[in-house]
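> Predicted model follows, preceded by the sequence.
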Amino acid sequence: MKDWIRPEIKALTAYHVPDATGHIKLDAMENPYQWPPELVDQWLELLRDARLNRYPDPSADDLKLKIRSSLGLPPESEIILGNGSDELIQMILMAVSGQDRVVMSIEPSFVMYKMIASFLNMSYVGVPLNDRFELDIERMLEDIKQHQPAVIFIAYPNNPTGNLFSEQAIDKILTTTDAIVVIDEAYFSFADKSYAHKLPNHENLIVMRTVSKMGLAGLRLGYMAGNKKLLQEIDKVRLPYNINILTQLSTEFALQNRHILDTQTEQIKRDRKKLLAALKAMDGLEVYPSNANFILLRLENKNADDVFSILKEQRVLIKNLSHADASLDNCLRVTVGTEKENEKFLLTLESALKNSVK
Ligand SMILES: *Cc1c(COP(=O)(O)O)cnc(C)c1O
């Protein structure tokens, strides 16, 4: 058979998800909590009436209404739903892709912007953050001028660094370029800050979010809000019925019971504070501030690969970022888990730091 696969695709390494069976799973920014049993019963009762023989509502209007009213999006903005926000990134890029179209983001950041750009044969420009992982606004404006990107993705808070960027810097980007600027607020529930209220002021602004990190990762639902004219065009590349009926019903139900998710979020924020303090008290770690449900660490005099392996042997799975970007040398990322999981992680990390050779 002739080798039809495009060289750009062959050059990629597939997005790798490690097997976490039997591990304390602190690698993927999941909410560690489940629902109380009464709520699970109510949810199952609701699913009893789901008509699996029929296609779902193609525009998921009930769910959109619920999202609009419960998640603080301006009434004049249009909303598009995706099978996770990953699918929304894909839709935006499909709608603008073309031979000399450029996608821009920052480095280090969420890898899917770059990956989907290469799936679609688009050029990608990653602008490095400064050494405190903040936006280098001068550099960014220069690169925008030089490359004229069609889309700029800014994760806010950023993954994997955990911080929020300067609002002034983002505003400058929004007002001085004609690129579509996507503010990716995957961690908005942990951040207390959002660009949603600025949607009416900027026709090139899209605010993108997901329910994954707020406790519903299994449902795969992302949403984005933005100017009507722009989103109506992007909506044309959406595959019909992209949000299945179980996801529509379950997300609506979860948002009706938002207080459960909110209580979990508050718990995670309190535990983030404790975890940050405990990590800062340990020797040999640089601990970065976090507005998300994870914490980025740098090992000052140990090898991150070794420490990661020791943790893994002890059945604690976190994320090794040491080889993800030059600026992340010897960096690890840990998701905030339950109190018990965090304690186990801290104990295991402490002994790993002692026992690793380098
Ligand atoms: C996790 C994450 C996403 C992906 O969210 P899904 O809705 O689960 O696809 C998008 N952006 C950032 C910055 C993330 O960290």
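Yep, it's here.

> Quick check: the one residue sitting closest to the centre of the chain vs the ligand, distance?
Centroid-nearest residue in the chain: residue 186, 4.2 Å away (criterion: Cα atoms, centre = their mean). Distance of residue 186 to the ligand, given as Cβ to the nearest ligand atom, to the nearest Å: 4 Å. Placement of C-beta: from N, CA and C, glycine included.

> And residue 91, by the same measure?
Counting by Cβ to the nearest ligand atom, the gap from residue 91 to the ligand is 12 Å.

> what's stretch 92-101 in contact with?
With contacts defined as Cβ atoms under 8 Å, 6 or more residues apart in numbering, stretch 92-101 is touched by 103, 116-117, 120-123, 150-151, 180, 182, 206, 224, 233-234, 236-237.

> do the same with stretch 261-280
31, 33, 189-190, 214-216, 254, 285, 287, 289-290, 293, 295, 297, 334, 336-339, 342, 346.

> averaged over its residues, what pLDDT does that stretch have?
The average pLDDT within stretch 261-280 is 98.

> starting at the chain centroid, how far to that stretch?
Its chain's C-alpha centre and that of stretch 261-280 lie 18 Å apart, by Cα atoms, centre = their mean, to the nearest Å.

> Return the set of buried residues in that stretch.
By neighbour count on 16 or more other Cβ atoms under 10 Å, the buried set for stretch 261-280 is 261, 264, 265, 267, 268, 269, 271, 272, 275, 276, 278, 279.

> So for the second one, what's the nearest residue that isn't a sequence neighbour?
I take that to be residue 264. Nearest residue to residue 264 in three dimensions, chain neighbours excluded: residue 33, at 4.7 Å (Cβ to Cβ, 6 or more residues apart in numbering).

> My guess is the one you found contacts residue 216. True?
No. Using Cβ atoms under 8 Å, residue 33 is not in contact with residue 216; the gap is 11.3 Å.

> what about these two, which has more around it?
Counted by other Cβ atoms under 10 Å, residue 33 and residue 216 do not tie: residue 216 has more neighbours, with 19 against 16.

> ok, the more buried one touching residue 254?
Yes. Counting by Cβ under 8 Å, residue 254 is a contact partner of residue 216 at 5.8 Å.

> Name the next helix or strand downstream of the longest helix along the chain, please.
Assignment by DSSP state H gives helix 258-280 as the longest helix of the chain. Note on helix 258-280: by DSSP states H and E, the next helix or strand toward the C-terminus is strand 285-287.

> Check which strands are paired with that next one and give the direction for each one.
Each strand paired with strand 285-287, and its direction, by DSSP bridges: strand 294-299 (antiparallel).

> and the next element down the chain from the strand it pairs with?
Next element after strand 294-299 (DSSP H and E): helix 304-313.

> Show me where the chain has its strands.
In the chain, the strands defined using DSSP state E lie at 24-25, 78-82, 102-107, 123-128, 151-155, 180-184, 205-210, 222-226, 285-287, 294-299, 316-317, 319-320, 331-335.

> of those strands, which approaches the ligand most closely?
Of all the strands of the chain, it is strand 205-210 that lies closest to the ligand, at 3.0 Å by Cβ to the nearest ligand atom.

> pretty sure residue 62 is touching residue 252, no?
Yes. With contact defined as Cβ under 8 Å, residue 62 and residue 252 form a contacting pair (6.2 Å).

> who has more neighbours, these two?
Remark: of residue 62 and residue 252, residue 252 carries more neighbours, 18 against 12, as counted by other Cβ under 10 Å.

> The more buried one and residue 347, how far apart?
Distance, residue 252 to residue 347, using Cβ to Cβ, to the nearest Å: 41 Å.

> Residue 224 now?
Using Cβ to Cβ, residue 224 is found at 41 Å from residue 347.

> Compare those two and say which is more crowded by neighbours.
Set side by side, residue 224 and residue 347 show more neighbours around residue 224, with 27 against 12, by other Cβ under 10 Å.

> Bridged to that one, which residues?
residue 80, residue 208.
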